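Undergrad: coords please:
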Amino acid sequence: MIPIHTGTAVESVTDEEFEKLRSTVLQLIELQQQNHIEVVAAVTAQVQPTLARLEIQSALAERAGATLH
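TA: Got it, this is the predicted structure:
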């Protein structure tokens with residue numbers, strides 16, 4: 001599990017969710033290359049919550065790293 005701190009709440013993304021996201025992103029790239037715009041938009045909407053949690057985690061990790069230096 002990857003802990004994600006969002007204000008006072010702590011959310012996490014499991015390894016399984018991360019792998020599903022990774023697989024989906026690779027599929028999106030392939031679909032986009034094939035010009036399937038509607039499918040790309042639909043799949044992107046499905047993974048948006050996980051992407052948002054990962055973006056928060058990344059930003060907090062950067063902030064923590066900057067604080068330590």
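Undergrad: give me the helix or strand of the protein that scores worst on average pLDDT.
TA: The weakest-scoring helix or strand in the chain, judged by mean pLDDT, DSSP states H and E, is strand 2-6 (a mean of 58).
Undergrad: the spatially most central residue of the chain: what's it in contact with?
TA: The centroid of the chain falls nearest to L51 when counting by Cα atoms, centre = their mean (2.4 Å). Residues near L51 by Cβ atoms under 8 Å, 6 or more residues apart in numbering: L21. In short, each C-beta sits where N, CA and C put it, glycine included.
Undergrad: and the top helix by length along the chain, how far out from the chain middle?
TA: When the chain is parsed with DSSP state H, its longest helix is helix 37-68. Centre-to-centre, helix 37-68 and its host chain are 4 Å apart (Cα atoms, centre = their mean, to the nearest Å).
Undergrad: and for stretch 26-44?
TA: On Cα atoms, centre = their mean, the centre of stretch 26-44 falls 16 Å from the chain's centre.
Undergrad: picking that back up, list the buried residues for the longest helix of the chain?
TA: Within helix 37-68, the residues that count as buried by 16 or more other Cβ atoms under 10 Å are 40, 43, 47, 50, 53-54, 57.
Undergrad: noted, bye for now.
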